[in-house]
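> structure for this input, please:
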Amino acid sequence: QVYLVESGGGSVQPGGSLRLSCAASGSIFKIYVMGWYRQTPGRERELVAAVTDLGSTHYGDFVKGRFTVSRDFAKNTVTLEMNSLKSEDTADYFCNLDGRPAEQTRRVDYWGQGTQVTVSS
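Now for the predicted structure:
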């Protein structure tokens with residue numbers, strides 16, 4: 001079993017900053033990608049930011065330089081620094097891990113329980 005524990009999130013005014021962190025633990029052989037997605041009611045979950053096992057980063061188009069994702073490969077953690085937050089960033093944010101569980105040959109997507117981010121004045 002693989003576990004993702006998220007921390008951070010909360011409420012902030014427009015223009016403010018928040019940090020989200022996610023730590024992975026459990027029986028994982030290899031982690032290919034770790035990152036963050038977000039979802040609002042009635043909309044599909046969308047990529048916010050992710051880091052591959054080669055260190056490449058990918059961001060959603062809406063980020064536009066406001067967020068920074070980083071990954072600690074030794075600790076199996078991923079952190080999302082969010083700056084210049086806007087009201088439209090309000091959503092539930094989910095940690096994602098794309099990896100290969102121990103003693104399996106297939107890749108599996110794992111999800112955290114989600115953490116709420118509210119941007120409001």
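> most remote residue from this protein's center?
Glu103 (25.5 Å; C-alpha atoms, centre = their mean).
> pull up the per-residue confidence for it.
Glu103 carries a pLDDT score of 83 in this model.
> same thing with Gln1?
Per-residue confidence (pLDDT) for Gln1: 86.
> the residue nearest the centre of the chain: which element?
Geometric centre of the chain, nearest residue: Trp36, 1.9 Å, by C-alpha atoms, centre = their mean. Taking DSSP states H and E as the definition, Trp36 sits inside strand 28-39.
> how about residues contacting stretch 77-91?
Applying C-beta atoms under 8 Å, 6 or more residues apart in numbering, the contact partners of stretch 77-91 are 8, 12, 14-24, 34-36, 38-40, 48-51, 62, 66-72, 93, 95, 116-120. Placement of C-beta: from N, CA and C, glycine included.
> thinking again about what came up before, next, find the distance separating the residue farthest from the centre of the chain from Phe29.
Between Glu103 and Phe29 the distance is 8 Å, computed by C-beta to C-beta, to the nearest Å.
> for Pro14, same thing?
As judged by C-beta to C-beta, Pro14 and Phe29 stand 42 Å apart.
> for Leu18, same thing?
Distance, Leu18 to Phe29, using C-beta to C-beta: 32 Å.
> the two - which one has more neighbours?
Using other C-beta atoms under 10 Å, the more surrounded residue of Leu18 and Phe29 is Leu18, with 21 against 11.
> please name the bridge partners of the residue nearest to that one when sequence neighbours are not counted.
Once flanking residues are discounted, Leu18 sits nearest to Met82: 4.9 Å by C-beta to C-beta, 6 or more residues apart in numbering. Following DSSP bridges, Met82 is listed with bridge partners Leu18, Phe67.
> number of nearby residues for Met82?
Using other C-beta under 10 Å, Met82 is surrounded by 26 other residues.
> pull up the gap between it and Arg19, please.
Taking C-beta to C-beta as the measure, Met82 falls 7 Å from Arg19.
> ok, and what's touching stretch 1-11?
By C-beta under 8 Å, 6+ apart, the list of residues contacting stretch 1-11 from outside reads 18-28, 80, 93-97, 99, 101, 108, 110-120.
> sweet, I'm off.
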